[in-house]
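> the following block contains a protein sequence and its predicted model.
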Amino acid sequence: MNIRCALIGMPGSGKSTVGEHLAQRAGVPFVDLDHRLEQELGISIRQFFETEGEARFRDKEAAILAIMASMPGGMVLSTGGGVVLRPENRVVLHNFGNVLYLHASPQELYERVKHDRTRPLLQVGNPMEKLRELYTLRDSLYRETAHFVVETDQDPVHTLVNTAMMQLEMVPHA
């Protein structure tokens, strides 16, 4: 089965972890858009945010996303949490392949990322409040972009991969 899909969702929703396992199971390449960006930028996303700002980061993100989307063949693409903020990115993702929104509640996300210092938007005084704010802003954009929603609150990775595979297998051109 030649899977071509993108994973979207909030920071901590499991995009990278689920994406790696899903790609391995499907026998297709796994691409982490944030890691590609860091390779291209030559510094961490957090450092780039601090020196260049979010708008410039989003420009770079959109450019790399367009390059990855133009590559042929099967692929599991894990995106950054804010990739859906730009309308053109939502169109690119929707046309790339099947898009799975890995959905988790803000409380669950907080539990997963509360000790992670690499996420620039969460390096604030009250990260839980920031997660709720980001969730409120982004949830409808994720849902607009996605072909499927996969709930990630309680299930272990192998169950999420099974759920994603079942969703993708139901699509004629997955």
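Here it is on my side, so go on. What you see is a predicted model; the values in this text were computed from it and never measured. Numbers count the residues shown, from 1 in each chain.
> just the CA trace of the lengthiest helix in the chain, in PDB.
The single longest helix within the chain, with elements called by DSSP state H, is helix 127-145. Extracted C-alpha coordinates of helix 127-145, given in PDB (Å, rounded to 0.1, in the frame of the first residue of the first chain):
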ATOM      1  CA  PRO A 127       2.100  27.200  29.200                       C
ATOM      2  CA  MET A 128      -1.300  25.600  29.900                       C
ATOM      3  CA  GLU A 129      -3.100  28.900  29.200                       C
ATOM      4  CA  LYS A 130      -1.000  29.300  26.000                       C
ATOM      5  CA  LEU A 131      -2.000  25.700  24.900                       C
ATOM      6  CA  ARG A 132      -5.600  26.500  25.400                       C
ATOM      7  CA  GLU A 133      -5.200  29.700  23.400                       C
ATOM      8  CA  LEU A 134      -3.400  27.900  20.600                       C
ATOM      9  CA  TYR A 135      -6.000  25.100  20.700                       C
ATOM     10  CA  THR A 136      -8.900  27.600  20.400                       C
ATOM     11  CA  LEU A 137      -7.200  29.300  17.400                       C
ATOM     12  CA  ARG A 138      -6.100  26.200  15.600                       C
ATOM     13  CA  ASP A 139      -8.700  23.400  16.200                       C
ATOM     14  CA  SER A 140     -11.100  24.600  13.500                       C
ATOM     15  CA  LEU A 141      -8.200  25.000  11.100                       C
ATOM     16  CA  TYR A 142      -7.000  21.500  11.700                       C
ATOM     17  CA  ARG A 143     -10.500  20.100  11.200                       C
ATOM     18  CA  GLU A 144     -10.900  22.200   8.000                       C
ATOM     19  CA  THR A 145      -7.700  20.700   6.600                       C
END
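> which SSE is immediately downstream of that helix?
With elements assigned by DSSP states H and E, the helix or strand that comes after helix 127-145 is strand 148-151.
> which helices and strands does that following strand pack with?
Under the contact criterion of 3 or more CB pairs under 8 Å, 6 or more residues apart in numbering; DSSP states H and E, strand 148-151 touches strand 98-103, helix 157-169. The way it works is simple: take the backbone N, C-alpha and C, and place the C-beta from them, glycine included.
> would a markdown table of these with distance to Gly74 and mean pLDDT be doable?
A markdown table is the format used below for the helices and strands packed on strand 148-151 (distance: least, CB to CB, whole Å; pLDDT from 0 to 100):
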| stretch | distance to Gly74 | mean pLDDT |
| --- | --- | --- |
| strand 98-103 | 11 | 94 |
| helix 157-169 | 11 | 83 |
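> to Arg138, which of the ones you listed lies closest?
Proximity to Arg138 (CB to CB) singles out strand 98-103 among these, at 9.9 Å.
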